[in-house]
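Q: Here is my input, please return the structure:
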Amino acid sequence: MKRTLVRLGVLLLSALAVTAVLLALLTPFTADDTGGYGATATEIPDFRVNRLGERDHELTVDSAALGRDGMVRVLLPAGWKPGSGPWPVLYLLNGCCQAEYDSWITDGEAARLTAGYRALVVVPEGGAVGFYSDWRDGPGWETFHLIEIRQILESEYGAGERRAVAGLSMGGFGAMSYAARHPGMFQAAASFSGVLDTRDGETVSRLLERHGESPAKLWGAPRDPAWAAHNPADLTGSLRGVRLFVSSGDGSPGPLDVPAAARDDGEATLFRQTRTFTERALANGVEVTADLYGPGTHTWPYWRRGLERALPMLMGSIGAAP
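A: From the prediction side, this is the model:
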């Protein structure tokens, strides 16, 4: 009889343990969490500020998630001062393979385009091919952006709970993946020529391998469930309540290209992915503004225009209209 009771106790504990694991896997990482997906950050990271201008702060963050210093640019709104707030926040995420982490400012004219809005504009480092994720074997970009940087913004810059996120190419992936994977954290998201269906072709794997990285270190083997768990096209049902803007060209030379521009097959692939994402989002009852503008390549003139077109919606969604 005692042995039977012991066995029943072991089985009950095992069942409870399995249930706990399943609940942990099914529970979303929300805006109120201080950890998740392996994150253990509970204290505000140390950081240094380099004041590049009246409204332009460059932060060097001692990031436990990255295992090294991480960089962030913060553009301050008119009227900001220490202790003020709460301020809405717009994150601008960069694409892959760019030499400068802050290309939204150096090439995208983000300072000029956002100058009239009363919001913090945050441009974080994202790695050459970081793909806005906590790698299985590598840096924790998701934790760096959504926990460590968020803690600094809230404690030192008066950031509030109203947030929007936008990005180009790899950053478009990051914007939609972050908004879907963290319900309630973002009120709006935008993608410009974004990687919005990571399981369409081998776009992600080729970019990683081109930079000497193994795709398995990111989300595991291509059929691993983690690929779908990060893929915007597979997560559209989680974007209900988030206002979306997506744009892409079809890869043929367009009105903003130089006269000698050639066809851009990469942009054509992203056009197809953006269309797939949009169709799935609309089918799931998500509010999407789609600017599938036809001729246009994978270049800055189109991304600047995309941001300019999306800004009224992005800023309006977080209460930061001019």
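Q: So for the lengthiest strand in the chain, mean pLDDT?
A: Longest strand of the chain, by residue count under DSSP state E: strand 159-168. For strand 159-168, mean pLDDT rounds to 98.
Q: and what of stretch 44-61?
A: 96.
Q: Now tell me what touches that stretch from outside.
A: Under the contact criterion C-beta atoms under 8 Å, 6 or more residues apart in numbering, stretch 44-61 has outside partners 62-64, 69-78, 80, 102, 105, 111, 144, 148-149, 151-152, 155-156. Placement of C-beta: from N, CA and C, glycine included.
Q: Please identify the buried residues of it?
A: Counting neighbours by 16 or more other C-beta atoms under 10 Å, one finds that the buried residues in stretch 44-61 are 45, 47, 55, 56, 57, 58, 59, 61.
Q: for that stretch, how far is the first residue from the last?
A: Separation of the first and last residues of stretch 44-61 by C-alpha to C-alpha, to the nearest Å is 10 Å.
Q: do stretch 90-106 as well
A: So stretch 90-106: terminal residues 17 Å apart, C-alpha to C-alpha.
Q: begin at 30 from here
A: All set: I'll call the first residue 30, so the last point we hit is now stretch 119-135.
Q: What helices and strands are in contact with the helix or strand hosting residue 208?
A: According to DSSP states H and E, residue 208 maps onto helix 199-210. For helix 199-210, the packing partners by 3 or more C-beta pairs under 8 Å, 6 or more residues apart in numbering; DSSP states H and E come out as strand 116-122, strand 188-197, strand 217-221, helix 254-259.
Q: Contacts only, for the closest residue to residue 152 other than its chain neighbours.
A: Leaving aside its sequence neighbours, residue 152 sits nearest to residue 102 (C-beta to C-beta, 6 or more residues apart in numbering; 4.3 Å). Shown in contact with residue 102 (C-beta under 8 Å, 6+ apart): 81, 85, 86, 87, 88, 131, 134, 151, 152, 153.
Q: ok, which stretches of the stretch 130-279 of the chain are strands?
A: Assigned by DSSP state E, counting those that start in this stretch, the strands in the stretch 130-279 of the chain fall at 149-153, 188-197, 217-221, 272-278.
Q: In TSV: the ones you listed, plus distance to residue 327 and mean neighbour count.
A: Output for these, formatted as TSV (distance: least, C-beta to C-beta, whole Å; neighbours: other C-beta atoms under 10 Å):
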stretch	distance to residue 327	mean neighbour count
strand 149-153	20	26
strand 188-197	9	25
strand 217-221	10	30
strand 272-278	8	27
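Q: Report the rounded mean pLDDT for stretch 107-120.
A: Stretch 107-120 comes out at a mean pLDDT of 95.
Q: Quick one: end-to-end distance for it.
A: Stretch 107-120 end-to-end distance (C-alpha to C-alpha) = 17 Å.
Q: and after the worst-scoring helix or strand of the chain on mean pLDDT, which helix or strand comes next?
A: Here the helix or strand of the chain ranked lowest by mean pLDDT, DSSP states H and E is helix 31-55, holding a mean of 36. Next along the chain after helix 31-55, taking DSSP H and E as the criterion, comes strand 76-82.
Q: Just checking the distance from the next helix or strand after that next one to the centre of its chain.
A: Counting by DSSP H and E, the next helix or strand C-terminal to strand 76-82 is strand 85-92. On the basis of C-alpha atoms, centre = their mean, to the nearest Å, strand 85-92 sits 18 Å off its chain's mean C-alpha point.
Q: Could you please name the strands strand 85-92 pairs with and the direction of each pair?
A: Next to strand 85-92 in the sheet, as set by DSSP bridges, lie strand 76-82 (antiparallel), strand 97-104 (antiparallel).
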